[in-house]
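# turn this into a model:
(2 chains)
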Amino acid sequence: MLSLKYINENINLVKECIKYKKCDININDILSLDLERKSLINKVEKLKANRNQINKQISKNRNDKSEDTTTLISNMKELSVEIKNLDKSLFSINNSLSNKLLYIPNIIHETTPKGSVNDNVVIKEWGKKPEFNFEIKDHKDLCDLNNLVDFKRAANISGSGFPLYTNNGAKLERSLINFMLDIHSKNGYTELFPPFLVNSNSPKTTGNLPKFSDDMYYIDKDDLYCIPTAEVPITNMHLNEILDDSDLPKKYVAYSACFRREAGSYGKDTKGLLRLHQFNKVELVKFVKPKDSYVELESLLKDAESILQKLNLHYRIIALASGDLSFSAAKCYDIEVWSPFEKNI
RNA sequence: GGAGAGGUGUCCGAGUGGUUUAAGGUGCACGCCUGGAACGCGUGUAUGGAUGAAAGUCCAUCGGGAGUUCGAAUCUCCCUCUCUCCGCCA
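Modelled structure (predicted):
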């Protein structure tokens, strides 16, 4: 979330980025609300200064028994009522302001290509498309043939989108997770195993709430959300902390199950293991100095690529264009792995 | 789920309604002292916000929120976290 201060200092930039990200938001009402907020603060803080002074006077008079305090106290009564009312208005303005701020997307980085999905840029391709001298099967057939995933029985348990890995499928899933965790921790990432359920503040800080609340699983009874990615718990682990810059960068790797309702995407890529409600992911997160962020992003990309190279998978890297960028991203690379059967990524 | 104890600044710790809009210590920074250091002495030492060109001035913050009061770190209620004990435990 961008701070009011930043928005005020960079009005044009913010407006531009809203346009580039194709968000339908007007920041003018935020700016005018902010003016209202400032004038209220001015008023109420003057009154509070006054209150503090009278308060001091009262205690002084009481101590040396010099003067009667009844007039002062009755003045204070009026003052307090006034302050309380102004504070109430200020509170509601602040509330509506911070609500509106949650809908302002992040500023894009200068190297992010501007435009829509069609303007995504292929940065790099690695490896070769594998060729086969026999007819190839899709992943679903392969899973059936080798008893890797039991889609039918999974439906008994939870419904579609919640895969039941079996036999070697279960082992394969586990070893891939291990494989990635091992490599990344060797590369200096601290391994974490985070909670999968989080309070409602956590997805707010990562920009998942309020915008994507329909895509998240929510447990009403305890006011907890199932994480859509390990990024949510990890980003929040240092909440309300001030990190010493000598401790940076902090590099974390974590496995988590990820839960996504995928609301509104029914019928699209729903076969087999594509677009699941629950899937497994190994996530990399870094806390870095702002001036190093883009260098760190490049090295993070390299670390992620190294997994695919070790697995000898043909892939390409895409720099996402502004309109395809997620709400809270400034810059984003997608790594797309070649799928021989689908003949696409 | 029940009962109790606790949460104060970097840390330790005082503080049960008004010279505490947080004592004292410790740590840290700078200065003096010294050949250099330790000790000692002195000064400074939070975060956020409003205002201002700046210096500064002001406001808020004692786990979080609400309340009582002219006035709350202090009293009341709710929540949260840590510790101890009891219950439950697929």
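
# write out the residues of chain A neighbouring RNA strand B.
With CB under 7 Å from any atom of the strand as the criterion, chain A comes near RNA strand B at residues A:3-5, A:38, A:41-42, A:45-46, A:48-49, A:51-53, A:55-56, A:58-60, A:62-63, A:73, A:76-77, A:79-80, A:91. (C-beta placed from N, C-alpha, C; glycine too.)

# how does it look with 6 Å?
With CB under 6 Å from any atom of the strand as the criterion, chain A meets RNA strand B at residues A:5, A:38, A:41-42, A:45, A:48-49, A:52, A:55-56, A:58-59, A:62-63, A:73, A:76-77, A:80.

# so which of these sit within helices?
Judged by DSSP state H, helices contain the following of these: A:5, A:38, A:41-42, A:45, A:48-49, A:52, A:55-56, A:58-59, A:62-63, A:73, A:76-77, A:80.

# for ChimeraX, write a command that selects the buried ones of those residues.
Here the buried members of these are turned into a ChimeraX selection, burial being counted by 16 or more other CB atoms under 10 Å:
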select /A:58,76
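
# now do the helices in chain A.
Secondary structure of chain A (DSSP H): helices at A:4-9, A:11-20, A:28-64, A:70-101, A:139-145, A:151-157, A:167-186, A:201-205, A:231-236, A:293-310.

# how about the second one: buried residues?
Going back to what we said before, that points to helix A:11-20. Buried-residue list, helix A:11-20, by 16+ other CB under 10 Å: A:V14, A:C17, A:I18, A:Y20.

# same check, this time on the fifth one
By neighbour count, with 16+ other CB under 10 Å as the criterion, the buried positions of helix A:139-145 are A:H139, A:K140, A:C143.

# could you list the low-confidence segments of chain A?
A:65-67, A:242, A:264-270, A:344-345 (pLDDT under 70).

# domains of it?
Listed by automatic domain parsing, the domain ranges of chain A are A:26-101, A:131-313.

# just these: most buried one?
domain A:131-313 (a mean of 15; mean count of other CB atoms under 10 Å).

# now that domain: how far from the chain's centre is it?
Put simply, domain A:131-313 sits 13 Å off its chain's centre (CA atoms, centre = their mean, to the nearest Å).

# check contacts around the residue lying closest to A:E125 once chain neighbours are set aside.
Take A:E125 and drop its neighbours on the chain: the residue closest to it by CB to CB, 6 or more residues apart in numbering is A:R316, 4.4 Å away. Shown in contact with A:R316 (CB atoms under 8 Å, 6 or more residues apart in numbering): A:V122, A:I123, A:K124, A:E125, A:W126, A:I335, A:E336, A:W338, A:I345.

# what about 7 Å?
Contacts for A:R316 (CB atoms under 7 Å, 6 or more residues apart in numbering) come out as A:V122, A:K124, A:E125, A:E336.

# which residues of the stretch 201-345 of chain A fall in strands?
Using DSSP state E, counting those that start in this stretch, the strands of the stretch 201-345 of chain A run over A:218-219, A:224-226, A:250-259, A:278-287, A:315-319, A:333-337.

# what's the angle from the fourth one to helix A:293-310?
Spelled out, it's strand A:278-287. Counting by axes from the mean of the first three to the mean of the last three CA atoms, to 10 degrees, strand A:278-287 points 140 degrees away from the direction of helix A:293-310.

# name the strands paired with strand A:278-287 and say parallel or antiparallel.
Strand A:278-287 sits in its sheet next to strand A:250-259 (antiparallel), going by DSSP bridges.

# name the residues that touch the partner strand?
Residues outside strand A:250-259 that contact it (CB under 7 Å, 6+ apart): A:177, A:181, A:184-185, A:188-194, A:196, A:217, A:226-230, A:234, A:277-287.

# just stretch A:58-74 next, same as before
Stretch A:58-74 is contacted from outside by A:I54, A:Q57, using CB under 7 Å, 6+ apart.

# gap between the two ends of that stretch?
One end of stretch A:58-74 to the other measures 11 Å (CA to CA, to the nearest Å).

# what's the answer for stretch A:113-122, then?
End-to-end for stretch A:113-122, by CA to CA: 11 Å.

# report the buried residues of that stretch.
In stretch A:113-122, counting by 16+ other CB under 10 Å, buried: A:P113, A:N120.

# pull the distance from it to the chain's centre.
Relative to its chain's centre, stretch A:113-122 lies at 22 Å (CA atoms, centre = their mean).

# likewise for stretch A:308-318?
Centre to centre, stretch against its chain (CA atoms, centre = their mean), the figure for stretch A:308-318 is 26 Å.

# and what of stretch A:20-37?
21 Å.

# contacts for it?
If you take CB under 7 Å, 6+ apart as the criterion, stretch A:20-37 is touched by A:4, A:7-8, A:14-15, A:18, A:90, A:93-94, A:96-97, A:100-101, A:103-105, A:108, A:114, A:322-323, A:325.

# repeat that for 6 Å
A:L4, A:I18, A:I93, A:L97, A:K100, A:Y103, A:P105, A:I108, A:K114, A:S322, A:G323 (CB atoms under 6 Å, 6 or more residues apart in numbering).
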